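Visitor: Next one to model:
(2 chains)
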Amino acid sequence: MGNLTAEFFFFVFISCCGVLQFVASYRRLKGISFFQRTISGYLFAVLAIAGAFCWFFIAENRHAPGLEGAEVFALFIAGSLAAFIFTACLSSVIKRKLHLSMEQDNPGEKPGLDSLRRMTYFQAIAGYFRNKDRG
Amino acid sequence: MIQSADKTIFFWINDLAGRVPIIDRFMRLMGTDYFIPVCMALVVFALWFAGRDPERIERNQRAVWCALIGAGLACAIVAICNAFHDRPRPFEMYPGEVELLFYRPTDPSFPSNIAATTFAFASGIWLGNRRVGWLLLLPAFLVGFARVFIGVHYPFDILGGTLIGLMATIGALLVLRITEPFPTWVLKVMRKLYLA
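Guide: Prediction:
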């Protein structure tokens, strides 16, 4: 059971990383994309999602008693959160040179996902707290 | 009368199993506890970030809330039903007659947990985004059919699960309305943290 729990978590984690790269490419959110070109993001998404599904469902027989519905739900939430944190961290490191602060670029803009078109997640969070300190 | 109709429809569908190996494999995959629920959850996860304009994005995110709360409520209602009513699985009622393509689940047959959850997901999303909602209703129907095909549920278990899923969505909608402005406040905080 422990093995299945870990495998399911990893399956969800990889799939969600793929979904996030797809979203980053689709919405041009450069700040959370691992790649410079959008096509690379789409390619990564397809490979990650297809690879995770093939690995999880073909490598092992999944027609056996396993996780309960609530466990599946909790593991999905945990896996998707982990994928978001991983994506935010890795893209912030890869794209650390991408920086146009909110004030320079669009002074009236409210914080939100769209801000990640021009800055990384870490830069966005740092900028938010800097602005808060300034009042 | 209802049980007899349930049995008849069950055997119409289950008799199709064990004839074409590739269809059996496909139905087994669709009926598994993970495949369709994870596919649907991934679509819902993507929908959280999707939308052409801020208004559409917010509507999608509220639909995701509705789907998540609905799925949670559906699971709770199924658990309550299971505590009061233990309907044996078809392979337990008719040993040797059912073409079983799956492992033997030990929980009660009625209502179907997977049907309740997938329909709660699909209908919750449908309320906020018709196109994606219709798209998700398709796998929700497929998983229900597959569970009968592989011999682990009666059609009325699926129907019961479907009704519970739809009721749970209405419940989720009420929860979101009653707790307003809390959901709006959570969305605002998430937006400030660049999570929405």
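
Visitor: hmm, which helix or strand of chain A has the shakiest average pLDDT?
Guide: helix A:102-105 (a mean of 50; mean pLDDT, DSSP states H and E).

Visitor: average pLDDT across the helix or strand following that one?
Guide: Next in sequence after helix A:102-105, counting helices and strands by DSSP states H and E, comes helix A:121-134. In this model, helix A:121-134 carries a mean pLDDT of 82.

Visitor: same thing with stretch B:106-115?
Guide: 93.

Visitor: Please could you give me each C-alpha atom of it, formatted as PDB?
Guide: Below are the C-alpha coordinates for stretch B:106-115, written out as PDB (Å, rounded to 0.1, in the frame of the first residue of the first chain):
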ATOM      1  CA  THR B 106     -15.700  -5.300  -0.500                       C
ATOM      2  CA  ASP B 107     -17.800  -2.100   0.100                       C
ATOM      3  CA  PRO B 108     -21.500  -1.900  -0.600                       C
ATOM      4  CA  SER B 109     -22.700  -1.800  -4.200                       C
ATOM      5  CA  PHE B 110     -25.300   1.000  -3.800                       C
ATOM      6  CA  PRO B 111     -24.600   3.900  -4.500                       C
ATOM      7  CA  SER B 112     -21.600   4.000  -6.700                       C
ATOM      8  CA  ASN B 113     -18.900   6.200  -5.100                       C
ATOM      9  CA  ILE B 114     -17.000   6.800  -8.400                       C
ATOM     10  CA  ALA B 115     -20.300   7.800 -10.200                       C
END
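
Visitor: Would that stretch count as contacting chain A?
Guide: Yes. Residues of stretch B:106-115 are located near chain A by Cβ under 8 Å from any Cβ of the partner chain, namely B:Thr106, B:Asn113, B:Ile114. Using the backbone N, CA and C atoms, a C-beta is placed for each residue, glycine as well.

Visitor: Next one: the second one from A:Asp114, what distance?
Guide: In this view, B:Asn113 and A:Asp114 are 38 Å apart by Cβ to Cβ, to the nearest Å.

Visitor: Can you pick out the residue with more neighbours from the two?
Guide: Between B:Asn113 and A:Asp114, counted using other Cβ atoms under 10 Å in any protein chain shown, B:Asn113 has the larger neighbour count: 27 against 18.

Visitor: In this structure the more buried one contacts A:Gly69, no?
Guide: Yes. Between B:Asn113 and A:Gly69 there is a contact at 5.3 Å, judged by Cβ atoms under 8 Å.

Visitor: where do the contact lists of those two overlap?
Guide: Counting by Cβ atoms under 8 Å, 6 or more residues apart in numbering or on different chains, the residues touching both B:Asn113 and A:Gly69 are B:Cys75.
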